[in-house]
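Engineer: when you get a sec, could you give me coordinates for this:
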Amino acid sequence: MFEQLKQWFTSKTTVVIHITSGRHRLITSKKFTIGYGTVNTWNLDSAKPPANLLNFRKTKTSIEVEPTNPGDTLLLDGKPWAGEVLEPEIEYTLQVQDEQFLLCLTEKPNAWLKRINLKNWLVFEPESGEIFGPLDKLQLEPWVIKEFKDPTKLIYYPEGSAKGFYISQVIDMELPAAIPQKDIIKEKLKEHRPYSTGKPEGKANQAQCPHCWSPYYDGELLTIASHETLRGDPLLGDDDMLRFEADSFNDQGVPLDATGTPCLEQACPQCRLKVPHGLSEIPQAFVSILGSPGAGKSYYLSVLTDELQKKSFENWGFNWKDADPTANAPLNTMRHRLFTARHAAEAYLAKTSLDGHLYSKVRLNGRPTLLPKPFTYILEGRNQHSQSLTFYDNAGEHFQPGSDGTINPVTHHVAHAHLWCFLFDPSKDAAFRKNVTAAKDPQLSRRYPTESQELLLSELENRIRVLHQLSPLGKLNTPLAFIVGKKDMIDDWEPITKMTDPWNGRHFNSLVVEENSRILRAGLLERVPSLVARAEALSEKVVYFASSSLGHAPRRIKTGELSPVPKKMNPSGVEVPVFWWLSSWSTVFNNEKREVWQNS
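Structural biologist: Got it, this is the predicted structure:
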């Protein structure tokens, strides 16, 4: 509560930049106006007839704005204003009549002004993610015509800003009538798309390789030889079976290798690693598990898959299937070890190594490359309603700056993920450690590295923007599950005590998830406000969860490592983020869920 009051009453200044003149005003009063003549707080031009254009009113937490003349159209960030209020620390563009403004309500007005460079203007193309320029206003029209661009889809913004104006707002222009405008623009934009969005004639549905994330059609897959005499692949090495393009088939249509032996396994044409059969026939989803070293990602993933298998069947009648038992063996082995152990030493899961058994060594584009091994499962419901889920586990060190590149793209799955699960470790955060009362938890006695969990999210965003050549502006549209892990350590923390179970029998209530998220967010804002800000600057949709993979404090074993006690295993909330994603984002899953609800 104190932090909320502090936020309300901390002095914030409204900074308004007039684009045409380049002038700015710092406005701290509760009410102010912009227009022509001395009747306004800011007189833009005394030579014009007196008029009031915009009225502003400052509240405790935001700014309200409206056009003075109801007949004037106010554009907010390029779209007609619909009564929105302006939140602090967010940039906005405003346009009324011919006047354009860049605005921000901020605690650091001078720092924000210093960052905005009105001398250098750039063009951002959202559909391709490309940035062009610098281009001054006189260069815009010739450039748009030369490049066959659509001025209604290009954003013109000053260097250092996160917002800009559509070029159609800045200049009044049309492409020459002789140019087939729509067709040319459409084809030019297609050149920049990272993946094909069409389906070639005669080909099946497209899938995405879970190893290297390259798109493929079933007809493009390589066949993996079966006969032992064909062991050895020129790119994968002597231990792997030969990959080849099949040109011979038996009566059942099964490919045959050079010895005439039927071959049932297929491989990606790009990385040549084996892909599960039939991925193109069902929706795919990639889930990235993120966290700093020691956050408990391997334990979380092992418990997560176990809980998903149990609850998807118990509550909705979904079958949990291994899409590729061989590829999933490392994770299934960890699950088996964890849940069948007789004592703590047997339940211990070794820390994920930087280049161990959870990674594949391949050659991509002539270079030796390390790729993370995917764990792919299929949720199979009734009436052909199915959904594949592929999970990735990385060593936490791989998310540190400089540890990932073209030779070791082990975290590139984050750029293709449908859901990010960020595992926040309260035992490694100073604000949480000093408030934890579970003094007997041995995790609090460990000295952790000084890496920042906030830095991990910054590195995540940077890698995604670089990989997809995206603009540094705006948020990414992949949902982020911010998971407060090891909640058994902080079970007396007030937000944890206020949370309720989203499961009501067989029903999963997403509204409860949202309310729990609101409660957790308020608590996190008091202890780790910068981490919350970083998360919400990254993703358009952030939902906060709390979970415990073990349900108890681990025990130190003879080797000095910390390990769970099998008899005390009591996971809590681990599966909720994935069920929330399925309930909110998976159309296939929702169709099946509705049928179950109707019959329950």
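Engineer: what about the strands in the stretch 501-600 of the chain?
Structural biologist: Under the criterion DSSP state E, counting those that start in this stretch, strands of the stretch 501-600 of the chain are mapped to 503-504, 507-508, 542-546, 555-556, 562-563.
Engineer: check contacts around the most centrally placed residue in the chain.
Structural biologist: With distances taken as CA atoms, centre = their mean, residue 478 lies nearest the centre of the chain, 3.5 Å away. The neighbourhood of residue 478, defined by CB atoms under 8 Å, 6 or more residues apart in numbering, consists of 417-420, 539. In short, each C-beta sits where N, CA and C put it, glycine included.
Engineer: what are the buried residues along stretch 333-348?
Structural biologist: Within stretch 333-348, the residues that count as buried by 16 or more other CB atoms under 10 Å are 334-335, 338, 341, 344, 347-348.
Engineer: pick out the most distant pair among those.
Structural biologist: 335 and 344 (16.9 Å; CB to CB).
Engineer: and residue 17, what element?
Structural biologist: strand 13-18 (DSSP states H and E).
Engineer: and if you look at residue 142?
Structural biologist: Using DSSP H and E, residue 142 falls within helix 137-147.
Engineer: in terms of pLDDT, where does the nearest residue to residue 536 once chain neighbours are set aside sit?
Structural biologist: Distances taken as CB to CB, 6 or more residues apart in numbering put residue 542 closest to residue 536, at 5.2 Å, once the chain neighbours are dropped. You'll see residue 542 listed with a pLDDT of 92.
Engineer: wait, residue 542 touches residue 535, no?
Structural biologist: Yes - if you go by CB atoms under 8 Å, residue 542 and residue 535 touch, sitting 5.1 Å apart.
Engineer: identify the contacts common to those two.
Structural biologist: Common neighbours of residue 542 and residue 535, using CB under 8 Å, 6+ apart, are 480, 482.
Engineer: and the strands of the stretch 501-600 of the chain, which is most packed in?
Structural biologist: strand 542-546 (a mean of 24; mean count of other CB atoms under 10 Å).
Engineer: so what strands line up beside the strand holding residue 17?
Structural biologist: Sheet pairing here is set by DSSP bridges, and for strand 13-18 it gives strand 24-27 (antiparallel), strand 99-106 (antiparallel).
Engineer: avg pLDDT for that strand?
Structural biologist: On average, the pLDDT along strand 13-18 is 91.
Engineer: who touches it?
Structural biologist: So strand 13-18 is contacted by 23-28, 32, 34, 42, 44, 56, 58, 63, 99-107, 109, 112-113, 116, 118 (CB under 8 Å, 6+ apart).
Engineer: ranges for the strands of the stretch 151-300 of the chain?
Structural biologist: Assigned by DSSP E, counting those that start in this stretch, the stretch 151-300 of the chain shows strands spanning 155-159, 165-166, 206-208, 215-217, 222-224, 231-233, 237-241, 243-244, 266-267, 274-275, 286-291.
Engineer: with mean neighbour count and distance to residue 73 added, can I get the ones you listed in JSON lines?
Structural biologist: Formatted as JSON lines, the strands of the stretch 151-300 of the chain follow (neighbours: other CB atoms under 10 Å; distance: least, CB to CB, whole Å):
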{"stretch": "strand 155-159", "mean neighbour count": "21", "distance to residue 73": "19"}
{"stretch": "strand 165-166", "mean neighbour count": "20", "distance to residue 73": "14"}
{"stretch": "strand 206-208", "mean neighbour count": "20", "distance to residue 73": "42"}
{"stretch": "strand 215-217", "mean neighbour count": "18", "distance to residue 73": "42"}
{"stretch": "strand 222-224", "mean neighbour count": "23", "distance to residue 73": "57"}
{"stretch": "strand 231-233", "mean neighbour count": "15", "distance to residue 73": "63"}
{"stretch": "strand 237-241", "mean neighbour count": "13", "distance to residue 73": "63"}
{"stretch": "strand 243-244", "mean neighbour count": "20", "distance to residue 73": "60"}
{"stretch": "strand 266-267", "mean neighbour count": "22", "distance to residue 73": "56"}
{"stretch": "strand 274-275", "mean neighbour count": "25", "distance to residue 73": "52"}
{"stretch": "strand 286-291", "mean neighbour count": "24", "distance to residue 73": "42"}
